[in-house]
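[1] Here is the input, now give the coordinates:
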Amino acid sequence: NTRIVPPLFVLKQGNEKVILLPKRATNFQVSDRNFESITLFCDIPFVNKGRQLGTIMDLFPRPLLPEEHFDAVKVHAWAMDINRPRHDGYFEAIIIKRNN
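    So this is what the prediction gives:
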């Protein structure tokens with residue numbers, strides 16, 4: 001019986017399942033604009049559909065623009081928790097409660 005208990009415990013515990021909800025993202029809004037640059041932002045919500053707490057340790061957004069159309073555009077992107085804003089590019093780890 002002792003050999004069966006640990007696997008059953010792990011099975012019952014489950015795992016986190018963090019899901020981005022891009023269809024519920026807000027429209028891009030302008031937060032700053034000048035003759036050389038424009039700063040846009042949007043919110044993309046996510047939920048944890050798993051059975052335990054989830055953790056996001058690092059989050060690196062990656063903007064992709066086709067070079068043949070946007071060869072002179074320089075894009076810098078960062079992600080942050082809107083409740084704990086940072087402007088240094090560092091994403092502070094967060095714990096995500098499960099959503100039932």
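
[2] Only C-alpha atoms from now on, for both contacts and neighbour counts.
    OK.

[3] Strands along this protein, start to end?
    18-20, 29-33, 38-41, 46-48, 54-56, 94-96 (DSSP state E).

[4] Go through those strands and pick out the most buried.
    Across the strands of the chain, the average number of neighbours (mean count of other C-alpha atoms under 10 Å) peaks for strand 46-48, which reaches a mean of 17.

[5] Can you spell out which helices and strands pack onto it?
    strand 18-20 (3 or more C-alpha pairs under 8 Å, 6 or more residues apart in numbering; DSSP states H and E).

[6] And the contacts of stretch 47-63?
    With C-alpha atoms under 8 Å, 6 or more residues apart in numbering as the test, stretch 47-63 has contacts from 13-21, 75-79, 91-100.

[7] Next, the buried residues of that stretch.
    By 16 or more other C-alpha atoms under 10 Å, the buried positions in stretch 47-63 come out as Val47, Asn48, Lys49, Gly50, Arg51, Gln52, Leu53, Gly54.

[8] Per-residue confidence, the fourth one, what does it come out as?
    With respect to pLDDT, Gly50 scores 90.

[9] same check, this time on the last one
    Looking at Gly54, its pLDDT stands at 90.

[10] Show me the beta-bridge partners of it.
    In this entry, Gly54 is beta-bridged to Ile96, by DSSP bridges.
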